Every structure is written in C-alpha cells, then in structure tokens.
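Chemist: Fold the following.
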Amino acid sequence: MTGRGVVGRAGAEPGGQAAGQAAGQPGAVRVSRFSGPRGSVLHLALATGDPAHPLPANGGLRLACGQLVTDPRGLTRRLATEMLLKHQLHRTGFWGAKMLVTGADVVDEELLAAVAQVLNHAAGTLYTGADMGVDAADMERLSLMTPYVLNAIGSSVEPNTATAYGVLGAVEAWAGGPVTGLRVLVHGVGKVGAVLATELVAAGASVLTCDTAPGAPDVPGSRPVQDWAAQDVDVLMPCSVSDLIDPALAGRLRCGAVIGSANAVLADEDVTARVLHGRGIDYVPTPLVNAGAVIVDSIEHYARDAFSAASPERVYAFVRETVRAAVADLIATAAGTLSASAIPHQVPDPVGLPFCGLGFLPGEPAVTSDRKAGR
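Modeler: The predicted structure is shown next:
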C-alpha cells in the first residue's frame, strides 16, 4: 500500500473526544491514508498518550462493507482516540490505534496482504485484531503474513466473548451485585451481543433483544422487539454500531443506564451525554466497558506462556473481574448520575505501572477493587 499521513492534535475532528483532555496527556493522533486493491482505502489512526514513552499501538481492523462513511478520517481518528483511553484506563501496555478499510466488499487475500504490508512496515510498533466486518478466520490468515496480530491466535479464547464478559462485569458493578431480575435490552445480537444476551438470561435477567440484520440469531430465553427505543428497561446495552444514540433519541429513552460494547456509541458525544445526564440516565463510558478484547491482547502480548496454557474460562473470568472492578471504582468516585465526564481527568499513566496482562501470571495478585460500588 502507498499512503500519506497527517498529524493533528487529538480530538481535532468534530464529534471526537480529545485524548489530551480525556487522559490528561499531551498526545497527538496521526492519521494516514493508504491506497489498497480495487480502489479500497485503508485509513490508519495512531493515538499516542505520551510520545516520550514509546509503547506499541493496538487497535482493530474494521471493514466498512455496505456502510456509508461520510468522514472516514474523522471516524478513524475518533475510534483511535477512544482506544487510547481504553488502553490507559485498563493499563494494557499499548497506545491507541484503529484501521478502517473503505471501498472494499470482502476481506480477501489481496486486501489482507496490503494490511500486512502496513503492519510489517511498522515493525512491531502497531498491532491489530478483528473489528466489525472482520472475523477470527481473517485474522488467522493475516497472522500468516505478519507477526503483528493480536487476536488470541492459536487459542480457544474468543475475543468477542471476552468483550461480552467484560460488559457483564460492568453491569454487575452498576447493579451492585448479581443481575438477577434486571430488565435489560441488548441492541445487536452479533458476535458480542449474542453471547452477552445468553449470559444475562442464564444469570436470571429479563432480556429483550433487537437486531434488524438478516439471519440475526434468536437467543433462547430472550424476547425480540422492534421498537427498542420505546422499551422501559433498567439497562440499554448497545452492542451494534457507532453513533447509535443522538441527542434526540437520548431525550426519548426509557432506561436507567446505557452500558454496552459498541465503540463511539454516542453521536455528538458531549451534547448527548449531557441529555442523558439531565434525564438521570447513567452512561458508563464505553472505553471502560468494552475492553475485554484489549485486556486479552495485553495477556497475549505480555504473558504469552500463561495465556497459551490458560483455559478460556479463566481468561473470561479475569476480564469480567477486571472490568467490574474498574467500573465499581468509577461509580464509587462519581457524584450523582454517571456521564462521559465521570471518567477522571487524570487516568492512570501506564508508564511505570504493571501492565494489566501481567496480572494474569501465576502468583500475581488477582484484580480487585479498593472500593465497593455504592449502588
């Protein structure tokens, strides 16, 4: 691939949250554009928390197949900035990145080879995994072309399942205990949402689902609905697309909290967050909630032998508790209704602190919360 890069201050694009503001760091986001096969374009955004302390960047590969992206550079920048915050909040040992392919209808060998060329040129400063439109099989094929893939390669661990368990941990923190009896709506029953809905049913929650995609699975024990925004529920759980909730929709929702896995779920984020806050609807910020896959990446990268020997169940339990503890701490320190501004202005600087994945090593202390959720 051939390309060019543009460096700008983090969050310079409209609708994006500035990394420097969110993380208390002076970093920048570099956006590059590469020409791919058959007119496709790879947009790569790299978000650095502290350029003085180099860490590899990490973020998923997303294919915008059949989706009109009016501002791919802005979206890629925004997603990379959110990834930066996610990595910092959970001390994964990475800075943020995102790779977005537009103008392609399929992930074939030629496209994967072009992505591998970009990763190999970065020579260990950039890692990627599967995001929307890309699956584990694609990542397996990509890993044969480049070593810079983190997607539980060669393991029975499923990163999307790990993400679902992280969301479950976040809801448990918000509820102050088990989810039994909660009325929840899972929007999007794909790779993450289907697992999440299944686990919620098993845990005794009353689960509604909504997914308009052809062939979307029915989750046993749940009830599909169409007019999802009109449902009166305790928790709305977006597991589908970015920009799902705008200010107008936020003014109509009938829920107690928005807690989900979809990246950049709030359109016009600051305004929408204020509307939710004003209506007494908690919004647990997505970078804190949907970090399951990057927590797995941290284990895979920094504790590779322990990861290879571990059962998927142990990995999922580690992710669930890691996210639960982080959200419980946020709730304990937040005053009143949670909003995007509830994230501390000074998030943990990963430099000099143990990376999250190292806590998975034998003999390391388990992840725990210093405070109990007061909810």
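
Chemist: any idea how far the residue nearest in space to the middle of the chain lies from Asn160?
Modeler: Closest to where the C-alpha atoms of the chain average out (CA atoms, centre = their mean) is Asn290, at 4.1 Å. Separation of Asn290 from Asn160 (CB to CB, to the nearest Å): 10 Å. All C-beta spots, glycine's among them, are computed from the backbone N, C-alpha and C.

Chemist: intersection of neighbour lists for these two?
Modeler: Residues touching both Asn290 and Asn160 (CB atoms under 8 Å, 6 or more residues apart in numbering) are Val192.

Chemist: list the contacts for the nearest residue to the residue nearest to the centre of the chain once chain neighbours are set aside?
Modeler: By the measure of CB to CB, 6 or more residues apart in numbering, the closest residue to Asn290 outside its immediate chain neighbours is Ser261, 4.0 Å from it. Ser261 sits next to 163-164, 166-167, 192-193, 196, 237-239, 286, 289-290 when contact means CB under 8 Å, 6+ apart.

Chemist: at 6 Å instead, please
Modeler: Ser261 makes contact with 163, 167, 192, 239, 290 under the criterion CB atoms under 6 Å, 6 or more residues apart in numbering.

Chemist: mind checking the SS state of it?
Modeler: Three-state assignment for Ser261 (DSSP: H, G, I helix; E, B strand; the rest coil): coil.

Chemist: Please report the distance of it from Val294.
Modeler: For Ser261, the distance to Val294 - CB to CB - is 12 Å.

Chemist: So, low pLDDT: which residues of the stretch 51-200 of the chain?
Modeler: For the stretch 51-200 of the chain, the stretches flagged by pLDDT under 70 are 66.

Chemist: Can you show me the strands along it?
Modeler: 57-58, 61-63, 95-102, 126-127, 183-187 (DSSP state E, counting those that start in this stretch).

Chemist: could you say what helices and strands the longest one packs with?
Modeler: Okay, so that is strand 95-102. On a contact count with 3 or more CB pairs under 6 Å, 6 or more residues apart in numbering; DSSP states H and E, strand 95-102 meets strand 41-47, strand 57-58, strand 61-63, helix 72-89.

Chemist: Give me the residues contacting it.
Modeler: Contacts of strand 95-102 (CB under 6 Å, 6+ apart): 40-49, 55, 57-59, 61-64, 69, 72, 76, 79-80, 83-84, 87, 126, 128.

Chemist: count of neighbours near Asp50?
Modeler: 16 (other CB atoms under 10 Å).

Chemist: With Val41 instead?
Modeler: 18.

Chemist: Helices of this protein, start to end?
Modeler: Counting by DSSP state H, the segments of the chain that form helices are 19-23, 72-89, 109-122, 136-143, 159-175, 193-202, 247-250, 269-278, 286-289, 292-302, 304-309, 312-333.

Chemist: How far off centre is the fourth one?
Modeler: Translated: helix 136-143. 19 Å (CA atoms, centre = their mean, to the nearest Å).

Chemist: Check which helices and strands it sits against.
Modeler: Using 3+ CB pairs under 6 Å, 6+ apart, helix 136-143 sits against no helix or strand.

Chemist: Pull out the buried residues from that helix.
Modeler: Of all the residues in helix 136-143, those buried under the rule 16 or more other CB atoms under 10 Å are 136, 138-139, 141-143.

Chemist: hmm, who's touching that helix?
Modeler: 107, 112, 130, 149, 151, 153.

Chemist: Next, the angle from that helix to helix 159-175.
Modeler: Between helix 136-143 and helix 159-175, the angle comes out at 120 degrees (axes from the mean of the first three to the mean of the last three CA atoms, to 10 degrees).
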